[in-house]
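Chemist: predicted structure and sequence below. I'll ask about it afterward.
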Amino acid sequence: MQESKLNSIGRWLVTLALAVLPLFFLPTTQDFYDTNKWLLLVGAAVAVFVIWTIRTIRTHEISLGNSPLLSGVLALTAASLVSMLGAPGSKVEAITGSFGFVSFVSLAVCLVFGTTFFTRESRTTLRSALMVSTALCGLIAAYQAMGIGRYLTSVFPALGDPLWSPTGASTGLLVILLVSIPAVISAVIRQYRRKADTALVSSVIALLLIGAGLILTLYRFVPLFTRAILPVGYGWTIALEAFKNPRTAIFGVGTQNYLSAFTIGKPISINTTPLWNVRFGTGSTFLLHLATTYGVLGIVAGIVFLRGLWNTKDNPWQKASTVIALLAVVLLPVNLAALTFIIALRMATDDEHGITTMHLPQLPWVTPVLATMCAGVVLAASLFVGRVYAAEVAFYRSLRAAQRNNGTDTYNLQRKALQLNTNAARYHIAYSQTNLALANSLALSFAAEATQSAQSEDQATGDRQLIATLVQQAIREGKVAVNLAPTNVIAWENLARVYQSLAPIAQGADVWAVASYQQAIALDPTNPILRLDLGGMYIRQENYDSAIQQFLIATQLKIDFANAHYNLANAYRLTGDNDKAAAELEATRTLITQGTDDYTKVVGELDELKKKKTSEPLPSGETLTTPREPTPIMEPRLTLPESAQPEATRAAGE
């Protein structure tokens, strides 16, 4: 294959991949957007490396690009690698995250090898392709903002959202549209001066579509901004909290662990905002996200990236685009699509990329070594990426099966996902819940048949063994999840709720639930809902003093939390302190909208309490609920092995 043909293939491959990436999504994985954009980026990087290797073998020349952004991307790659090795948690999730090691390596490959295929003329083609891509993003944004997409929700339900975009996030879409406007204006001016009428019309249409999409998206998104993005003040506080620990200050919490940093570091004042029960998996801004997840190295890498971004020519429109990109990186949570677009636009507008060329020695071993290296990269990438993506597809299919109440398919597909990728904590969490649901369903059937004496002794024994197996699998998978993500509150919360659900059928499960909730609270200390859940477990154990303590903390963490006051009233009443119970019911009443069923219920209970006519627990309702002692559905209860205990409980007893 001739060198010119290889260069042409390489150019078109890079151009198409970068232009299509903002629009690319597939409804085949749990995350339609970033997961599939990551797959496209990695696939393009591998293909670029293969073509570059073939050209190198044919020409005996090594050509390497030297984009101004390269040093920044390499710094991000190094920071992600060090963090992956030093931070806790699953290394696979750290590698495959949107801003994980593989993503930055793929971007570096495009800059180091991909730019060597380009000429000044071919960069014009890349600019045009990016302009078309952005115009389509603007058209889709305008189409959605005007509500036209809702007529196609039967085909694709996501189209019912007026802010839906194939970029995956409104902030990413806004960054892409804003950064591209100066480049398109520059193209319009240039084509007008050259009297290139056809190109001028195309550029004007693109500018109008981008502008319309930008204005309509801002109109829809700005009112939701404070509820969709973690405020910068909170993001700054969370980053500073992470830096109090020497280990996380150096290595960061890990790219897959931002949620952990959020739950541990968020200030209590967030409970006074509409975000009090929202958990964020990304930082307020790209730079704050880097600082939290990659530590000091993330800050250094971010500064190097910004410096490379600013190192541009004096073209005023290019400067304007650069300034917007800098502001976006500093002020917004840029996603993978937006970051890749910023780099791609820079590749297209920098007409003079330095390329270093070195001649290879004419030795017999050079070609086999290069070919073997290339084959090894392709094989490793194919096996790794293929298994990870196949696991994502199987997991998403299991979620669809669960929506159809098909327990068998849900169970089998989740097993398949775990066989392909056993390092994803969310797979284990989902599988534990599936096993738990099946165990509870069988236990209910077991209890019903036992009541009707419809079971033979052998059948009853077999059912108990099957239920015990499912229960132990539910616990085992929940424990695997907390081992993979020991600082993830969701994993501990899941384990606690597994034990809580097993309390009616397994001895000691309530004690283990309490221990797991305590660990979850240690990871999310300002969360009033976890305090409410733990208090509920204490109520079931008739440990009313501990329950009152947890409910009191919940009301202090969020003073307008009606359900916390309601449960505190119930706990006081169970101890016979009717005066305090009445006071908490009165507080509950002031927090509920008049005329609702909950309001009527609280007023009635308050009147009854004042008359002191009952000493039974208050009834539960639609929104305001009190914990109820679950009725055992299996007798005798299952006896679980010691290994079923959470690690925190076992450690405490040793």
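Modeler: That came through fine. Not measured: the values here are computed from a predicted model.
Chemist: switch to C-alpha atoms for all contacts and neighbour counts from now on
Modeler: OK.
Chemist: my guess is residue 115 contacts residue 350. True?
Modeler: No. Using Cα atoms under 8 Å, residue 115 is not in contact with residue 350, being 10.5 Å away.
Chemist: who touches both of those two?
Modeler: Common neighbours of residue 115 and residue 350, counting by Cα atoms under 8 Å, 6 or more residues apart in numbering, are absent.
Chemist: which one of these two has more residues nearby?
Modeler: Taking other Cα atoms under 10 Å, residue 115 and residue 350 do not tie; residue 115 has more neighbours (25 against 15).
Chemist: that's a strand at that one, yeah?
Modeler: No. Assessed with DSSP: H, G, I helix; E, B strand; the rest coil, residue 115 is helix; it does not lie in a strand.
Chemist: could you measure from it over to residue 70?
Modeler: Distance, residue 115 to residue 70, using Cα to Cα, to the nearest Å: 11 Å.
Chemist: could I get the full set of helices for the stretch 551-654 of the chain?
Modeler: 562-574, 578-590, 597-611, 647-653 (DSSP state H, counting those that start in this stretch).
Chemist: residue 155: how many residues sit nearby?
Modeler: 9.
Chemist: list phi and psi for it.
Modeler: Backbone torsions of residue 155, given as degrees, to the nearest 10, read phi -80, psi -40.
Chemist: what sits against residue 206?
Modeler: Contacts of residue 206 by Cα under 8 Å, 6+ apart are 131-132, 134-135, 184.
Chemist: name the next helix or strand downstream of the strand or helix carrying it, please.
Modeler: Using DSSP states H and E, residue 206 sits in helix 197-221. Counting by DSSP H and E, the next helix or strand C-terminal to helix 197-221 is helix 225-228.
Chemist: what packs against that following helix?
Modeler: Contacting helix 225-228 under the criterion 3 or more Cα pairs under 8 Å, 6 or more residues apart in numbering; DSSP states H and E is no other helix or strand.
Chemist: list of residues touching it?
Modeler: For helix 225-228, contacts defined as Cα under 8 Å, 6+ apart pick out 274-275.
Chemist: what is the mean pLDDT for it?
Modeler: Here helix 225-228 scores 84 as its mean pLDDT.
Chemist: got the CA positions of that helix in PDB?
Modeler: Below are the C-alpha coordinates for helix 225-228, written out as PDB (Å, rounded to 0.1, in the frame of the first residue of the first chain):
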ATOM      1  CA  PHE A 225     -28.500  25.000  36.200                       C
ATOM      2  CA  THR A 226     -28.300  25.100  40.000                       C
ATOM      3  CA  ARG A 227     -30.100  21.800  40.200                       C
ATOM      4  CA  ALA A 228     -28.100  20.000  37.500                       C
END
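Chemist: name the next helix or strand downstream of that helix, please.
Modeler: Counting by DSSP H and E, the element after helix 225-228 in chain order, helix or strand, is helix 232-242.
Chemist: can you list the buried residues in the following helix or strand past that next one?
Modeler: Downstream of helix 232-242, the next assigned helix or strand under DSSP H and E is helix 246-251. Burial within helix 246-251, assessed by neighbour count using 16 or more other Cα atoms under 10 Å, is assigned to 248-251.
Chemist: same thing with stretch 495-513?
Modeler: Using 16+ other Cα under 10 Å as the test for burial, stretch 495-513 gives 495-506, 508-513.
Chemist: residue ranges with poor pLDDT in this protein?
Modeler: The model of the chain has pLDDT under 70 over residues 1-3, 312-314, 351-353, 363, 446-460, 612-645, 647-654.
Chemist: between the helix or strand harbouring residue 302 and helix 232-242, how many degrees?
Modeler: For residue 302, the element it lies in under DSSP H and E is helix 286-310. Using axes from the mean of the first three to the mean of the last three Cα atoms, to 10 degrees, the inter-axis angle of helix 286-310 relative to helix 232-242 is 100 degrees.
Chemist: got the contact list for the helix or strand following helix 286-310?
Modeler: Heading C-terminal from helix 286-310, the first helix or strand you meet, by DSSP H and E, is helix 316-331. With contacts defined as Cα under 8 Å, 6+ apart, helix 316-331 is touched by 175, 178-183, 185-186, 284-287, 306, 309-310, 312-313, 334, 342, 349.
Chemist: one more time with 7 Å, if that's ok
Modeler: Residues from elsewhere that reach helix 316-331, judged by Cα atoms under 7 Å, 6 or more residues apart in numbering: 175, 178-180, 182-183, 186, 285-287, 306, 309-310, 334, 342.
Chemist: so which bits of it are buried?
Modeler: For helix 316-331, burial by neighbour count (16+ other Cα under 10 Å) applies to 317-322, 324-326, 328-330.
Chemist: return the member of these nearest to residue 527.
Modeler: Of all these, residue 330 has the smallest distance to residue 527: 28.9 Å, by Cα to Cα.
Chemist: the closest residue to residue 583 other than its chain neighbours - how many residues pack around it?
Modeler: Distances taken as Cα to Cα, 6 or more residues apart in numbering put residue 569 closest to residue 583, at 7.6 Å, once the chain neighbours are dropped. Counted with other Cα under 10 Å, residues neighbouring residue 569 total 29.
Chemist: list the contacts for residue 569?
Modeler: Neighbouring residues of residue 569 by Cα under 7 Å, 6+ apart: 580-582, 584-585.
Chemist: what distance separates stretch 107-127 from the centre of its chain?
Modeler: Mean-position distance between stretch 107-127 and its chain equals 31 Å (Cα atoms, centre = their mean, to the nearest Å).
Chemist: go on, stretch 577-590?
Modeler: 40 Å.
Chemist: then stretch 551-567?
Modeler: Computed by Cα atoms, centre = their mean, the chain-centroid distance of stretch 551-567 equals 29 Å.
Chemist: pull out the buried residues from that stretch.
Modeler: By 16+ other Cα under 10 Å, the buried positions in stretch 551-567 come out as 551-555, 557-567.
Chemist: any buried residues in stretch 299-312, and which?
Modeler: 299-310, 312.
Chemist: farthest-separated two in these?
Modeler: Spanning the widest gap among the buried residues of stretch 299-312 are 299 and 312, at 21.6 Å by Cα to Cα.
Chemist: count the neighbours of residue 358 for me.
Modeler: Residue 358 has 11 neighbours, counted by other Cα under 10 Å.
Chemist: so it: helix, strand or coil?
Modeler: On the basis of three-state DSSP, residue 358 is classed as strand.
Chemist: show me the contacts for the residue most central in space within the chain.
Modeler: For the chain, the residue nearest the mean C-alpha position is residue 281 (5.3 Å; Cα atoms, centre = their mean). Residues near residue 281 by Cα under 7 Å, 6+ apart: 258-259.
Chemist: go with 10 Å
Modeler: Residue 281 makes contact with 230, 255-263, 289, according to Cα atoms under 10 Å, 6 or more residues apart in numbering.
Chemist: so which of those is the closest to residue 150?
Modeler: Nearest to residue 150, judged by Cα to Cα, of the contacts of residue 281 is residue 230 at 28.2 Å.
Chemist: surely the closest one touches residue 280?
Modeler: Yes. Using Cα atoms under 10 Å, residue 230 is in contact with residue 280, at 7.0 Å.
Chemist: between these two, which one's more packed in?
Modeler: Neighbours around residue 230 and residue 280, counted as other Cα under 10 Å, are more numerous at residue 230. The numbers are 22 against 18.
Chemist: the more buried one - nearest residue in space that isn't next to it in sequence?
Modeler: Leaving out its chain neighbours, the residue that sits closest to residue 230 by Cα to Cα, 6+ apart is residue 284, at 5.0 Å.
Chemist: surely that neighbour and residue 291 touch.
Modeler: No. Look at residue 284 against residue 291 with Cα under 10 Å: they stay out of range, at 11.1 Å.
Chemist: in stretch 252-272, what's buried?
Modeler: 252-267, 270-271.
Chemist: ok, now how distant is residue 233 from residue 514?
Modeler: Distance from residue 233 to residue 514, by Cα to Cα: 33 Å.
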